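Peer 1: Structure here, sequence nowhere to be found:
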Ligand code: SF4
């Protein structure tokens, strides 16, 4: 029975919400899990498709501290949209009593272990992953479900 609600990066479930309008997966949902799909970048008001974006100056934790930002390939600062989407996803978790999230690795929003910071893939969290971690929600990398990015 699927009764445990878990937030999941929507693109992992086959929804075409990535920057280029494509999806990833669909990933196998673990037994007993009721996935709640969310794309924080869409939730933050960004369109699909949209210019791809990367972290600048630090990872998602640094963004939460105001020490880093997110900039798209057009040179636009999209930090506020990323923060708005992450806060919206956290609000959804609180509304639904969600205590765990399965997130797409390497994304500037959803990355759990590694994210692109400038032109380098570095250890760190995306903006949503950092916010959920800060709120005490367990975050799991898509790689731990056998999904290779
Ligand atoms: Fe949206 Fe996260 Fe998937 Fe990127 S990785 S498309 S932000 S759900």
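Peer 2: Yep, that arrived. This one's a predicted model, so the numbers in the text were calculated from it and none came from an experiment.
Peer 1: quick one: low-confidence parts of this structure?
Peer 2: Along the chain, segments meeting pLDDT under 70 span 1-3, 148-149.
Peer 1: can you give me the strands in it?
Peer 2: Taking DSSP state E, the strands of the chain run over residues 4-9, 33-38, 53-56, 69-72, 100-103, 114-117, 120-123, 138-141.
Peer 1: Could you list the buried residues of the fifth one?
Peer 2: Along strand 100-103, the positions that meet the burial threshold by neighbour count (16 or more other CB atoms under 10 Å) are 100-103. In this view, the C-beta of every residue, glycine as well, is placed from N, C-alpha and C.
Peer 1: Now tabulate those residues in a markdown table and tack on distance to residue 48.
Peer 2: Output for the buried residues of strand 100-103, formatted as a markdown table (distance: CB to CB, whole Å):
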| residue | distance to residue 48 |
| --- | --- |
| 100 | 26 |
| 101 | 21 |
| 102 | 21 |
| 103 | 18 |
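Peer 1: can you list the residues of this protein near the ligand?
Peer 2: Within the chain, the residues that sit near the ligand (CB under 6 Å from any ligand atom) are 9-11, 17-18, 39-41, 104, 107, 109-110.
Peer 1: could you dump those to TSV with distance to residue 59 and neighbour count?
Peer 2: Listed next are the residues of the chain next to the ligand as TSV, based on distance: CB to CB, whole Å; neighbours: other CB atoms under 10 Å:
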residue	distance to residue 59	neighbour count
9	17	32
10	22	25
11	20	25
17	22	24
18	20	20
39	19	24
40	15	33
41	16	30
104	15	27
107	12	28
109	11	31
110	12	33
